[in-house]
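> Just a sequence and a predicted model for now, questions to come.
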Amino acid sequence: MSSLATAVTIRLNWAFVRSGDQLDWRRAAACADLPQRYVFTRDLSEAEIVLRACNRCPVREECEAVVDPAHTWFDGVSGGRLWRNGREVKRTER
Ligand code: SF4
């Protein structure tokens, strides 16, 4: 699956979960009320607001387990880290 297709799938799943009852953990997410463009950004400066939310998020493990960023070429924030093409972006990288 291409990176774009994976990102679209994850965004759709994210949106579905937001409106559904299947994964209650998503409602507990500290980023639930933040604009999705900051969650799914590739840019570290845009991701900072979400990364700060991750620090107090009670569902970090669930988030990373569902998104599985390293295996889905994920772009965005998951489990308290920013990912770009499924690789963690270190804070020293810009
Ligand atoms: S760990 Fe971060 S990206 Fe994942 S649900 Fe929590 S706040 Fe959102």
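That came through fine. Residues are numbered from 1 along each chain as shown.
> contacts, neighbours, all on C-alpha from now
Will do.
> Could you tell me which residues within the host helix or strand of Glu61 count as buried?
Take DSSP states H and E as the rule and Glu61 turns out to sit in helix 60-67. Going by neighbour count (16 or more other C-alpha atoms under 10 Å), the buried part of helix 60-67 is Arg60, Glu62, Cys63, Glu64, Val67.
> now do stretch 81-94
Under the neighbour-count rule (16+ other C-alpha under 10 Å), stretch 81-94 has Arg81, Leu82, Trp83, Arg84, Asn85, Gly86, Arg87, Glu88, Val89 buried.
> Show me those residues that map onto strands.
Using DSSP state E, the members of the buried residues of stretch 81-94 that fall in strands are Arg81, Leu82, Trp83, Arg84, Arg87, Glu88, Val89.
> pLDDT at the last one, what is it?
What that stands for is Val89. According to the per-residue confidence, Val89 scores 97 in pLDDT.
> what residue ranges in this structure score low on pLDDT?
Applying pLDDT under 70 to the predicted model, the residue ranges of the chain that meet it are 1-23, 93-94.
> Which residues of it lie near the ligand?
With C-alpha under 6 Å from any ligand atom as the criterion, the chain comes near the ligand at residues 29-31, 50, 53-54, 57, 59-60, 63, 77-80.
> what's the closest of those residues to His71?
Within those, proximity to His71 (C-alpha to C-alpha) peaks at Ser78, which comes in at 12.6 Å.
> Skipping adjacent residues, who's closest to that closest one in space?
For Ser78, ignoring the flanking residues on the chain, the nearest one in space by C-alpha to C-alpha, 6 or more residues apart in numbering is Glu64 at 5.4 Å.
> list the contacts for Trp83?
Neighbouring residues of Trp83 by C-alpha atoms under 8 Å, 6 or more residues apart in numbering: Arg42, Pro69, Phe74, Asp75, Gly76, Val77, Val89.
> Relative to Leu44, how far out is it?
9 Å (C-alpha to C-alpha, to the nearest Å).
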